[in-house]
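In: structure of the sequence below:
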Amino acid sequence: MIINQIILSILPVFILIFVGWASLRFKIVAPSAKETCATLVSVYVFPALLFMETATAKPAKIFDPTWMLAFFSGMGIVWMIVFFTSRYIFDQPLKNSAIQSMLCAFPNMGGMGIPFLTHLIGTSALISIAKANLVVSLTLIPLTLILLEMSNASANKNFFTVIFGAIVSSIKNPMLIGIFLGAAVSFTHTAPLIPKVITDSIEIVTKATVFISLFAVGLALFGTKLKLTKQLVFNFTTKSILSVFVAWGMVSLFKIQGNDAKELIYLMAMPTATLATILSIQWQALPEEATSLYLSTTVLSVFTLPIVIYLLQ
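Out: Numbering: from 1, shown residues only. The predicted structure follows:
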């Protein structure tokens, strides 16, 4: 009975992903739809949704240092395991090790996390996604960019200039801007002062979240090829299995309970983030490994995520 409920609850997520994939496969949409949908999701839909949820949330709910520290710790443990394994066992250069670590530690909180958690738990889960985005944007993304810059032999930049540039680049992320603006509204209690025509317009945008984000994931999967290597097997095992146990350990260690605990575990169980894959391609840091991991973790999450749901029952 429980398994049947789990399948029914998660099946719509993967049906919408398949619709996106099939739309490109049967040429219902043009290949340019990949970039268009990705832009719509990252620049408009997700920032609008995160803004509305943080703006109307209580300040104490947004600033939750215990939850944020637990998420950061879990993500950091996964990052370090992959980084040192990639660097000293698979003998990869700094650039490749940094990207591999990000691929395994950075979950797809936007494309998969938002529609998955809102469908399974409700819009209240968006606060956890906002907190997780804040942690990632201020720690993991700048760290990865710094390491990538350091590995670039042609970059004769001052170390502090590299750090500052990486942090600024991370803060300019539209989703993070939406979180910051929403948090400012929440802490100043100015939500009632926002004109209704503005909030109504934002609400219209947010209603497209689940469909367009999952549709975009399906588009991104089309044409992605799987290259099976030892490092891919290790990365997949770390991302899809070890990350869940690490997250479980963090919620136990920090004594996080209820939906807050479920949301943290679900987020770390999400497939590889699209942004991490894009960075790998841009920096030519094992791009085939990255796209293979993105494909395998996303496709096989149809099996891994129901198992996590079942265990959390």
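In: what ranges of the stretch 101-250 of the chain fall below the confidence cut-off?
Out: Residues of the stretch 101-250 of the chain that meet the criterion pLDDT under 70 lie in 152-159, 162, 166, 169-170.
In: only alpha carbons, please: show stretch 124-134 as PDB.
Out: What follows is stretch 124-134, C-alpha atoms only, in PDB (Å, rounded to 0.1, in the frame of the first residue of the first chain):
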ATOM      1  CA  SER A 124       6.300  25.200   2.800                       C
ATOM      2  CA  ALA A 125       9.300  23.100   1.600                       C
ATOM      3  CA  LEU A 126      10.500  26.100  -0.500                       C
ATOM      4  CA  ILE A 127      11.900  27.700   2.600                       C
ATOM      5  CA  SER A 128      14.300  24.800   3.000                       C
ATOM      6  CA  ILE A 129      15.200  25.100  -0.700                       C
ATOM      7  CA  ALA A 130      15.800  28.900  -0.200                       C
ATOM      8  CA  LYS A 131      18.100  28.100   2.800                       C
ATOM      9  CA  ALA A 132      20.000  25.400   0.800                       C
ATOM     10  CA  ASN A 133      20.400  27.800  -2.200                       C
ATOM     11  CA  LEU A 134      21.800  30.400   0.100                       C
END
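In: starting at the chain centroid, how far to the host helix or strand of residue 47?
Out: Element membership for residue 47, per DSSP states H and E: helix 46-55. Its chain's C-alpha centre and that of helix 46-55 lie 16 Å apart, by Cα atoms, centre = their mean, to the nearest Å.
In: stretch 11-25 now?
Out: Using Cα atoms, centre = their mean, the offset of stretch 11-25 from its chain centre is 19 Å.
In: need the mean per-residue confidence for it.
Out: When pLDDT is averaged along stretch 11-25, the result is 89.
In: show me what counts as buried in it.
Out: Using 16 or more other Cβ atoms under 10 Å as the test for burial, stretch 11-25 gives 13, 14, 16, 17, 18, 20, 21, 23, 24. In this view, the C-beta of every residue, glycine as well, is placed from N, C-alpha and C.
In: who are the packing partners of the strand or helix carrying the third one?
Out: This means residue 16. Per DSSP H and E: residue 16 is located in helix 2-25. For helix 2-25, the elements it packs on are helix 33-39, helix 114-120, helix 209-221, helix 301-312, judged by 3 or more Cβ pairs under 8 Å, 6 or more residues apart in numbering; DSSP states H and E.
In: got the CA coordinates for the helix or strand just after the third one in CSV?
Out: Right, helix 209-221. With elements assigned by DSSP H and E, the helix or strand that comes after helix 209-221 is helix 230-237. Extracted in CSV, the C-alpha atoms of helix 230-237 (Å, rounded to 0.1, in the frame of the first residue of the first chain):
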residue,chain,number,x,y,z
LYS,A,230,35.3,3.7,-12.9
GLN,A,231,35.0,7.3,-11.7
LEU,A,232,31.4,7.5,-13.0
VAL,A,233,30.5,4.5,-10.9
PHE,A,234,32.1,6.0,-7.9
ASN,A,235,30.5,9.4,-8.4
PHE,A,236,27.1,7.9,-9.0
THR,A,237,27.4,5.7,-5.8
